[in-house]
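S.K.: mind folding the following:
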Amino acid sequence: MSEKLAPEERHSFVHNGEKVFEWDQTLDEVNVYINLPPNVHSKQFYCKIQSKHVEVGIKGNPPYLNHDLFCPVKTDSSFWTLEDDIMHITLQKRDKGQTWPSPILGQGQLDPYATDLEQKRLMLQRFQEENPGFDFSQAQFTGNCPDPRTFMGGIRSD
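M.R.: Alright, predicted model coming up:
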């Protein structure tokens, strides 16, 4: 049932009319998807993930991305892969349940309405995780949604 509460679509970060990357998030992680340029060998790409910073590029060239992250991540469980001409970067949130309006600090933030929708989806994902026998996929909030990270004493860690 939790897959019903997975992100339905990716958000796009567009700069100067060009799509830089797409991204989505769950309670635990933020996923960034970058389309790779053609005719570059996979061993030429690199990604450096630090607690509050990410750098992505092709070796020997200026970085494609070199930005601070919106929030800190757990570097020991964050990673990147290449598949089907896409770099997939998985950033493990340090603060589970925190709603990120963008992976990159100060860049491409979701508008307030989209941020509210993300927060509601993450809250339902939290309910689903804490109550696995129930299906929250059709549940809705009216009014403001509480913060999924702090609501009712915060997220339980097992």
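S.K.: now Gln92: how far from Leu82?
M.R.: 19 Å (CB to CB, to the nearest Å). (Glycine included, C-beta is placed from N, CA and C.)
S.K.: tell me which element Arg121 is part of?
M.R.: Assigned by DSSP states H and E, Arg121 belongs to helix 112-130.
S.K.: which residue is nearest the middle of this protein?
M.R.: Val30 (2.1 Å; CA atoms, centre = their mean).
S.K.: how far away is that one from Ser78?
M.R.: 9 Å.
S.K.: okay, buried residues for the lengthiest strand in the chain please.
M.R.: As assigned by DSSP state E, the longest strand anywhere in the chain is strand 73-83. Buried residues in strand 73-83, counting neighbours by 16 or more other CB atoms under 10 Å, are found at Val73, Lys74, Ser78, Trp80.
S.K.: which two in those residues are spaced the farthest apart?
M.R.: Put simply, by CB to CB the two of the buried residues of strand 73-83 set farthest apart are Lys74 and Trp80, 14.2 Å from each other.
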